[in-house]
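J.: Sharing a model prediction with you, sequence too.
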Amino acid sequence: MPERIVSWHADPSTPRYTPPPGAVDAHCHVFGPMARFPFSAKAKYLPKDAGPEMLFALRDKLGFARNVIVQASCHGTDNAATLDAIARSGGRARGVAVVDPAISENDLARLHEGGMRGVRFNFLKRLVDDAPKDRFLALSRRLPEGWHVVIYFEADILEELRPFVDAIPVPIVIDHMGRPDVTQGPDGADMRAFRALLGSREDIWTKVTCPDRLDPAGPPYDAFVEAVRPLVADYPTRVLWGTDWPHPNQQDVLPNDGSLVDIIPRIAPTEEAQELLLVDNPMALYWPEIGAARQ
């Protein structure tokens, strides 16, 4: 068996920034525990266990109230570990599934009952062997009511993905802004192309996440902040934020989750922007029955 890797900081700092009450970490994962939830035979990485107890302890330390747990690629289309974490959350987590496009309506209904509210389509070749756009599109037409599609891709394939994205009939969330080159700045080619995508329809949301992946200079992630802050200002009702814990495939760089939280007021400088980013927007997508009551 390959050596299992650790991709998370062992002792993240307590953030200086305090998130507003009800804040949601809208992008995180769980790994295993492998003894109960084996990893996929097709997994491109083999992490050490990072289960729900660790995730919820981090949630509390960072000052968040809820989690959106995204199915990690190392678990393939077996969503058992993510469903288990949601079940253990006491109603404070919901999820995004990864499924075989041929999944039955009954199995989709079971995922909904288990707390899933979206399905993720991954186009990163280093993580998945096959991304069949036609089958993904067919699946998107028969998702449970209220679900959305999450898409993960890198900036260099955005143009070729546009017809696929345009054809999806439900709301869309783009992971990590489609991984733009933030060193180009807020007006660089990657960010202009991404803004064109956001401008093409009003039901595309994005996660303004992963400075540790996107900013090659590392902390304090100034290039990320400079590129992303105008995006948050211009699309305040369509942005989400998350830690990305336990940072899959980041074993060479262990980001400090407390420092990641401290970036929030730099990209969303006002209390109103922070409330939208961390509470209102994710609640509308993942807990609409509660989010509507808040209005």
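T.: Perfect, I can see it now. This is a predicted model, so every value here is computed, not measured.
J.: Now do the helices in the stretch 101-250 of the chain.
T.: Ranges of helices in the stretch 101-250 of the chain, per DSSP state H, counting those that start in this stretch, are 105-113, 133-140, 158-167, 189-200, 211-214, 222-234.
J.: Kindly compare burial across those helices and name the winner.
T.: helix 211-214 (a mean of 22; mean count of other CB atoms under 10 Å). To be clear about C-beta, it is placed using only N, CA and C from the backbone, and glycine gets the same treatment.
J.: Run through the stretch 51-200 of the chain and note the low-pLDDT ranges.
T.: 125-131 (pLDDT under 70).
J.: Please repeat the previous calculation with a cut-off of 50.
T.: Across the stretch 51-200 of the chain, residues meeting the criterion (pLDDT under 50) sit at 126-129.
J.: quick one, strands of it?
T.: For the stretch 51-200 of the chain, the strands defined by DSSP state E, counting those that start in this stretch cover 66-70, 93-97, 116-122, 148-152, 172-174.
J.: Of those strands, which is nearest Leu231?
T.: strand 172-174 (11.2 Å; CB to CB).
J.: what does that closest one rub up against?
T.: 118, 148-151, 153, 165, 194, 197, 201, 203-207, 240, 285 (CB atoms under 8 Å, 6 or more residues apart in numbering).
J.: Select only the buried ones of the residues you listed in PyMOL?
T.: Selection of the buried residues among the contacts of strand 172-174 in PyMOL, burial being defined by 16 or more other CB atoms under 10 Å:
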select buried, resi 118+148+149+150+151+153+165+194+197+204+205+206+207+240+285
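J.: quick revisit: could the helices of the stretch 101-250 of the chain be laid out in TSV, adding distance to Ala268?
T.: Below are the helices of the stretch 101-250 of the chain laid out as TSV (distance: least, CB to CB, whole Å):
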stretch	distance to Ala268
helix 105-113	31
helix 133-140	30
helix 158-167	24
helix 189-200	16
helix 211-214	14
helix 222-234	5
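J.: Return the most buried member of the strands of the stretch 51-200 of the chain.
T.: For the strands of the stretch 51-200 of the chain, the highest mean count by mean count of other CB under 10 Å goes to strand 66-70, at a mean of 27.
J.: Packing partners of it?
T.: Helices and strands touching strand 66-70, by 3 or more CB pairs under 8 Å, 6 or more residues apart in numbering; DSSP states H and E, are strand 24-28, helix 52-62, helix 80-87, strand 93-97, helix 281-286.
J.: For those, state which one has the densest average packing.
T.: Counting by mean count of other CB under 10 Å, the most buried of the helices and strands packed on strand 66-70 turns out to be strand 24-28, with a mean of 27.
J.: could I get that strand in CSV with only the CA atoms?
T.: What follows is strand 24-28 as a C-alpha-only set of coordinates in CSV (Å, rounded to 0.1, in the frame of the first residue of the first chain):
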residue,chain,number,x,y,z
VAL,A,24,-20.9,28.4,7.2
ASP,A,25,-17.7,26.7,6.0
ALA,A,26,-19.1,25.9,2.6
HIS,A,27,-16.3,23.8,1.2
CYS,A,28,-14.6,21.0,3.2
